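Student: Any chance you could fold what I've pasted below:
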Amino acid sequence: MSPRSRDDERLAGAEIAVVGAGFGGLSAAAYLADAGADVTVFERNEHPGGYAGRIERDGFRIDTGPSWYLMPEVFDRFFGHFGRSTEEFYELTELDPLYEVVWKDGDRATMPADRAGQKALFESYEAGAGDRLDAYLDDAAEAYELGMDRFVYPSRSRLRDMVDADVLRSGRALPKLRTMDDYVGDYFEHEKLRQIAEYKLVFLGGSPYNTPAIYTLMSHVDMNLGVYHPTGGIASVVDGMAALATDLGAEIRTETPVTAIEPSVAAAGPKFEVDTPGSTDRFDRVVANAAPPHVERDLLPAEYARREAYWESRTYAPSAFLMYFGVEGEVDLDHHALVLPTDWRPHFDSIFDDPAWPDDPAYYVHVPSKTDPEAAPEGHEAVFVLVPLAPGLDDDSETRERFRELVLDDLAEHAGVDFRDRVVFEETACVADFRERFNAPRGTALALSHTLGQTGPLRPAHRAPGVEGLYYVGAYTNPGIGMPMCLLSGEHVAEAVIEDAADGGVLPSVVPTSTLR
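Tutor: Residues are numbered from 1 along each chain as shown. Predicted coordinates:
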């Protein structure tokens, strides 16, 4: 594919830096380059992707971050905007079953991809739950369509964006402002069915007890729209996005950390100096895919607003204890597996209310080699274990080793899976690693949680307050956490840049979370 034809010249001549090549940064780079800008992407790591990293070792290829490919329409929409298709960059397999649930009381269930199988599963736990599942998923589909069409696809990061007819007609969503657990309880009494309906909130960095019920839409996302796996893992999606951005004219510089962003006080000429080891480059605008608290505290000069009290007051999504294994022989779990205590509230309490390492953890196990031959050599399995944790926990080596044994003992006892004597290689990541590798506040593995006060336009805006020409993109901003949301965040920030360039400056953000604090 040859570079783009530059039919869109709205940003012609603009020099724009993108700091960080995560999903939001790569998406922004593609949209900005397509609009005619000269885009340079700075990435501190060896590969693009940010949290969506990879381990390639001894014939294994394991994603280090996101591992669920959901909302395929958003990816199709992204590539389609540039006249391309996902099929040009990676191959998808639709999973059936969608996932497996292992409860610690000895019960197991698999979630079929078809509605009839899903209803039969729900009915097996609670009389009438099969029919109520139809009603619940219809409601979830409406929440999805309402949320996507009126709040997510359109960019609504300012107060004035919320005052239009589409938003005002969305009042029927108000009942979904109560908690997810409360709302799901209207449909299902059985605790296990409620867990199935609610587990997706972990993808959003929340709990059933602090996340608004509008996120019932996540049940539509997996049970109606399906769960997929890209051959080669999520890293293949990253590679496709990086290739697209490059085709469109963006330059991606890996292993090039940004050490400072210096706004210029000069009336003419480039407005920013961006420092990297041994080099300084000048740009008209900067889009930061790095965590905003890090940008304001560590990269901007001291005289600019840092909003430390504001960032300290935020609710951060969980961190995680992650284990990556290369295993000889079989591992008797599905592609996606959830291992859950029958009462998971104490684990959520240990994340959000009383931070501590959980005694009886709920966790997720990913075995991509069940589907993907590129994930492991023949006769081996790739295994990824994720345990959500409170951000900010101390995770010294002794604590991590003790918790490793607790989780692997738990997996052996409750799932009947013990591969410790067959491990070919092993790596781990935890709170301190997220803090050090990604400058993540409190070592969050995601960003800001999707509590009611941090949902939609109440998340930080794309325009950085107090610094004209600086923008934020990615999971900290609207629309939020998750690969699809970060793709859309890149589109929205590009729209903001184009709008500001057309107006000869910037339009100030007026959403409360965007004000100086």
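Student: Every contact and neighbour count from this point should use C-alpha atoms.
Tutor: Will do.
Student: tell me the contacts of Asp359?
Tutor: By CA atoms under 8 Å, 6 or more residues apart in numbering, the contact list for Asp359 reads His347.
Student: On the three-state scheme, it is what?
Tutor: coil (DSSP: H, G, I helix; E, B strand; the rest coil).
Student: Would you mind measuring from it to Phe348?
Tutor: Look at Asp359 and Phe348: by CA to CA, to the nearest Å, they are 11 Å apart.
Student: now do Ser313
Tutor: 19 Å.
Student: Give the residue spans of the stretch 51-200 of the chain that score low on pLDDT.
Tutor: 147-177 (pLDDT under 70).
Student: all helices for it, in order.
Tutor: 72-81, 115-125, 129-147, 165-168, 180-184, 191-198 (DSSP state H, counting those that start in this stretch).
Student: Any idea how many residues pack against Lys71?
Tutor: No, residue 71 isn't Lys; it's Met. Residues near Met71, counting by other CA atoms under 10 Å, number 19.
Student: my guess is Ala120 contacts Asp131, does it?
Tutor: No - counting by CA atoms under 8 Å, Ala120 sits too far from Asp131 to count as a contact (9.5 Å).
Student: and the longest helix along the chain with helix 72-81, angle?
Tutor: Counting by DSSP state H, the longest helix found in the chain is helix 483-503. Helix 483-503 runs at 40 degrees relative to helix 72-81, counting by axes from the mean of the first three to the mean of the last three CA atoms, to 10 degrees.
Student: quick one: helix 483-503 to chain centroid distance?
Tutor: 17 Å (CA atoms, centre = their mean, to the nearest Å).
Student: residue contacts, the residue nearest to Asp181 when sequence neighbours are not counted?
Tutor: Distance criterion CA to CA, 6 or more residues apart in numbering; nearest residue to Asp181, sequence neighbours excluded, is Pro208 at 4.9 Å. Contacts for Pro208 (CA under 8 Å, 6+ apart) come out as 179-181, 198, 201.
Student: Take those and lay them out in TSV including neighbour count.
Tutor: Shown next, in TSV, are the contacts of Pro208 (neighbours: other CA atoms under 10 Å):
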residue	neighbour count
Thr179	20
Met180	23
Asp181	20
Glu198	21
Leu201	21
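Student: quick revisit: of the helices of the stretch 51-200 of the chain, which is nearest Thr280?
Tutor: helix 72-81 (32.0 Å; CA to CA).
Student: Convert the C-alpha atoms of the closest one to PDB, please.
Tutor: The C-alpha trace of helix 72-81 is given here as PDB (Å, rounded to 0.1, in the frame of the first residue of the first chain):
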ATOM      1  CA  PRO A  72     -15.300  -5.900  16.200                       C
ATOM      2  CA  GLU A  73     -17.400  -3.200  14.600                       C
ATOM      3  CA  VAL A  74     -15.300  -0.500  16.200                       C
ATOM      4  CA  PHE A  75     -12.100  -2.000  14.600                       C
ATOM      5  CA  ASP A  76     -13.800  -2.400  11.300                       C
ATOM      6  CA  ARG A  77     -14.900   1.200  11.500                       C
ATOM      7  CA  PHE A  78     -11.400   2.400  12.300                       C
ATOM      8  CA  PHE A  79      -9.700   0.600   9.400                       C
ATOM      9  CA  GLY A  80     -12.600   1.300   7.100                       C
ATOM     10  CA  HIS A  81     -12.300   5.100   7.600                       C
END
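Student: got the buried residues for it?
Tutor: Buried residues in helix 72-81, counted by 16 or more other CA atoms under 10 Å: 72, 74-75, 77-79.
Student: Turn the residues you listed into CSV, including distance to Leu98.
Tutor: Output for those, formatted as CSV (distance: CA to CA, whole Å):
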residue, distance to Leu98
Pro72, 15
Val74, 19
Phe75, 19
Arg77, 23
Phe78, 24
Phe79, 25
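Student: Nearest to Arg420, out of the residues you listed: which one, please.
Tutor: Looking across the buried residues of helix 72-81 and measuring by CA to CA, the closest to Arg420 is Pro72, at 35.5 Å.
Student: Next one: that closest one relative to Glu296, how far apart?
Tutor: 34 Å.
Student: try Gly59
Tutor: Counting by CA to CA - Gly59 and Glu296 are separated by 40 Å.
Student: and if you look at Pro277?
Tutor: Counting by CA to CA - Pro277 and Glu296 are separated by 19 Å.
Student: Who has more neighbours out of those two?
Tutor: Neighbour totals were compared for Pro277 and Glu296, and Glu296 leads with 18 against 10 (other CA under 10 Å).
Student: residues touching the closest residue to that one other than its chain neighbours, list them.
Tutor: Spatially, and ignoring its direct neighbours in sequence, Glu296 is nearest to Arg306 (5.0 Å; CA to CA, 6+ apart). When contacts are counted by CA under 8 Å, 6+ apart, Arg306 touches 293, 296-297.
Student: how close does Arg306 get to Ala14?
Tutor: Distance of Arg306 to Ala14, computed by CA to CA: 27 Å.
Student: Test my guess that Arg463 contacts Asn478.
Tutor: No - with contact defined as CA under 8 Å, Arg463 does not reach Asn478; the gap is 11.1 Å.
Student: Okay, strands next: where are they in the stretch 301-450 of the chain?
Tutor: For the stretch 301-450 of the chain, applying DSSP state E, counting those that start in this stretch gives strands covering 319-328, 336-340, 363-366, 380-389, 423-429.
Student: can you dump the C-alpha coordinates of the second one into CSV?
Tutor: Presented in CSV, the C-alpha positions along strand 336-340 are these (Å, rounded to 0.1, in the frame of the first residue of the first chain):
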residue,chain,number,x,y,z
HIS,A,336,-10.7,-17.8,28.3
ALA,A,337,-11.4,-19.0,31.8
LEU,A,338,-12.7,-17.2,34.9
VAL,A,339,-11.9,-18.7,38.4
LEU,A,340,-14.4,-17.3,40.9
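Student: Report how many residues lie close to the closest residue to Val339 other than its chain neighbours.
Tutor: Of all residues not flanking Val339 in the chain, Val102 sits nearest, at 4.7 Å (CA to CA, 6+ apart). Val102 has 21 neighbouring residues, counting by other CA under 10 Å.
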